[in-house]
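Participant: Got a predicted structure plus its sequence, pasted below:
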Amino acid sequence: MAGEGERKLFKAKLVWKVVLVLFLVSLAASLALYPQIKRVYQVLTLFESENIVENFRSMDQIFDIKTVSRGDEVNVLNNTPGQLPETYHYQGEEKSIQDFLEDTWTTGFIVLKDGNILYEEYFLGNQEDTKVISWSVSKSIVSALVGIAIDDGYIKDIQEPVTNYVPTLQESGYSEVPIKDILQMSSGIHFNEDYADFNSDINRMGRALAFNTSIDGFVTSLESEREPGTYNNYVSMDTQVLAMLLREATGQNLTDYMENKLWSKMGMEEDAHWLLDRKGMELAFGGLNAVLRDYARFGLLYMNGGSYNGQEVVPAWWVKDSVTPDSPHLMPGRKGPDQEELMGYGYQWWLPADTDGDFMAIGIYNQYIWIHPELGVVIVKSSAYPDYDLDGTLKTRESIAMFRAIAEGITEQ
């Protein structure tokens, strides 16, 4: 499920609190290190229920950032207010849409029909100009940039090994792994997510972020455990490798390339920003912050096959390939270890198990861009659901049921 690596990153509470106490005791005497101490504390309490809503709209106060500037032209989304259905059906029950939005701590909700805003509402103190972190929704945007880089001639073929472009990964588990397998979360990388193991990958990644060290260095330390292209295992660092690929192939950092080739060309109304590590590398696996309407505009771009205002921004063939799984281990509806039906996976995009053409970007804590091209509907939901670690997968399935009910209901009006 989307964002498992990110979720587990910050939920090893017992281990982290011991680390935090030792760190603070040893360094509290030094005022010069106060910013570092504060950062560690903020990162380790990022998902606490009393902080989570404020944190998700204030990430620029916790991490360093780079700004992705919008262009001169704004694509004004017309308001054509309409009535959403009041209920949806899930697991044999009729349920309230409003109750579900409240129960999952929704902070913003937009429904677009044929490019117009049918419904827009903000909750828990967020407003239309609030920049919210999208977590793994960011992955789908990184995927778009890979497609653009191929179209620009910077990347020749996704069948090439990523190490053709990022030689520093030659000593890592990513050595000779095809770019395509990384796009499809099938890199074969081993990722130990044992909370109690201080030296596990998930805890090492946490230390890399909390102590403001290099994310590149962490990625390079990862090892392979299986043949690439054979098993879909969600590893957030696969997306981080794609950002390294873009940086090396284009000669530009992720922020600049995104600004020049995507953000400035889509009529965005606000600047966005990426969170950074201490060396200025974007945390591409989940660190993009933007206003909700601009996430909706990105959804519209994909609903329209990669075109905005008659101009192709993302290659149409890339949009199609991105949401078309092409191997058995990626297909929607395949059975998981517990015989549950799993969602399909494309190039950093998800396809529901019983998809009828809809696809989605998913981030932890109930962040979504849901797109149904045939019905002309885009739905964006930002949230700060603090119990995601308990039932996040179930909430995603229920969210899909709600999105579909909304799309069908407004289409019938």
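Facilitator: Structure received.
Participant: Report the central residue of this protein.
Facilitator: S136 (1.6 Å; C-alpha atoms, centre = their mean).
Participant: Need the pLDDT of that residue.
Facilitator: Note on S136: pLDDT of 94.
Participant: quick one: it and T163, what's the gap?
Facilitator: Note on S136: its distance to T163, by C-beta to C-beta, to the nearest Å, is 25 Å. C-beta coordinates here come from the backbone N, C-alpha and C atoms, glycine included.
Participant: how much space is there between the residue nearest to the centre of the chain and H190?
Facilitator: The value you get for S136 to H190, if C-beta to C-beta is used, is 20 Å.
Participant: burial of the residue nearest to G125 when sequence neighbours are not counted, as a residue count?
Facilitator: Using C-beta to C-beta, 6 or more residues apart in numbering and skipping residues adjacent in sequence, the residue nearest G125 is V53, 6.7 Å away. Per other C-beta atoms under 10 Å, the neighbour tally for V53 reads 19.
Participant: Is V53 located within a helix, as I assumed?
Facilitator: Yes. V53: assigned to a helix according to DSSP: H, G, I helix; E, B strand; the rest coil.
Participant: Show me what stretch 277-284 is in contact with.
Facilitator: Residues from elsewhere that reach stretch 277-284 (C-beta atoms under 8 Å, 6 or more residues apart in numbering): 63-64, 66, 138-139, 142, 208-209, 212-216, 239-240, 242-243, 247, 253-255, 274-276.
Participant: repeat that with 6 Å
Facilitator: V142, N212, S214, I215, D216, T239, Q240, A243, L254, W274, L275 (C-beta atoms under 6 Å, 6 or more residues apart in numbering).
Participant: Could you tell me the end-to-end distance of it?
Facilitator: 10 Å (C-alpha to C-alpha, to the nearest Å).
Participant: model confidence over it, on average?
Facilitator: 92.
Participant: Buried residues of that stretch, list them for me.
Facilitator: D277, M281, E282, L283, A284 (16 or more other C-beta atoms under 10 Å).
Participant: Ramachandran angles for the first one?
Facilitator: In this entry, D277 is assigned phi and psi values of phi -90, psi -180 (degrees, to the nearest 10).
Participant: gap between the spatially closest residue to E94 that is not a sequence neighbour and N51?
Facilitator: In space, E94 comes closest to T87 once its chain neighbours are excluded; the distance is 5.0 Å by C-beta to C-beta, 6+ apart. For T87, the distance to N51 equals 33 Å [C-beta to C-beta].
Participant: Same check on N233?
Facilitator: 31 Å.
Participant: Please apply the same query to K381.
Facilitator: Distance from K381 to N51, by C-beta to C-beta: 21 Å.
Participant: now Y165
Facilitator: 39 Å.
Participant: Compare neighbour counts for those two and give me the winner.
Facilitator: Between Y165 and N51, counted using other C-beta under 10 Å, Y165 has the larger neighbour count: 20 against 15.
Participant: dump the residue contacts of that one.
Facilitator: L245, E248, A249.
Participant: Could I get the phi/psi values of it?
Facilitator: phi -110, psi -30.
Participant: Ok, N51 next?
Facilitator: According to degrees, to the nearest 10, N51 has phi -110, psi -20.
Participant: Tell me the spatial nearest neighbour of it, not counting adjacent residues.
Facilitator: Nearest to N51 is T45, by C-beta to C-beta, 6+ apart, at 5.7 Å.
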